[in-house]
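Trainee: Here is my input, please return the structure:
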Amino acid sequence: MELQIISRQDNIPPFDPQAIKAQQIEYFDPPYKAYNGTEITEKIIEKVLKEISDGINIYLYLDPDGEDNWLEVNCDGKWIALGFSGDFGQNNYYSYNPAFADTADQINKAAFEDKSIWTDLESGGQSPIPKIHAITDIELGVKAVEYFIRTGEFYPGIDWLHES
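Mentor: Below you'll find the model as predicted:
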């Protein structure tokens with residue numbers, strides 16, 4: 001596995017705060033709501049962004065069919081992890097926490113109970129998320145989610161990790 005770190009930028013390019021690039025928003029937890037196309041309104045975006053800090057597991061799809069190019073958002077109020085899957089799983093990016101850079105090689109070897117490596121978050125409701133893929137600045141994570149919803153791109157104000 002090859003890791004490429006994309007360092008955060010200090011200058012965030014301006015974006016249209018009314019644009020909506022996300023084509024589908026799907027909740028992974030009960031009540032398993034989903035919003036598609038024109039159902040994704042400013043009111044829905046505001047609701048989703050407010051819910052993040054309380055704890056949320058959602059998918060934001062750029063693909064209107066919900067098949068590809070999606071950002072998974074997992075938050076428990078302490079950690080927020082963002083994971084992007086594109087090109088049908090061949091192009092993966094994760095929020096990156098440099099404080100846990102030394103744990104990258106341990107992820108494949110470590111027991112999931114090892115809290116020095118793993119968060120309590122679960123991708124897809126089952127796969128533990130490592131701390132190297134999660135950040136503790138929830139407010140910054142919310143900005144990254146809104147940026148993705150609005151632009152369809154990764155927020156340059158956080159570090160990202162590309163795994164290939």
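
Trainee: Roughly how far does the residue of the chain most remote from its centre sit from Thr103?
Mentor: Most distant residue from the mean C-alpha position of the chain: Lys109, 23.8 Å away (CA atoms, centre = their mean). Lys109 sits 10 Å away from Thr103, going by CB to CB, to the nearest Å. All C-beta atoms are positioned from the backbone trio N, CA, C, and that covers glycine.

Trainee: now Asp76
Mentor: From Asp76 across to Thr103, the span is 19 Å (CB to CB).

Trainee: For the residue positioned nearest the centre of the chain, what are phi and psi?
Mentor: Taking CA atoms, centre = their mean as the criterion, Leu82 is the residue nearest the geometric centre of the chain, at 1.8 Å. Note on Leu82: backbone dihedrals following degrees, to the nearest 10 are phi -120, psi 130.

Trainee: and it, what are its bridge partners?
Mentor: Note on Leu82: beta-bridge partners by DSSP bridges are Val73.
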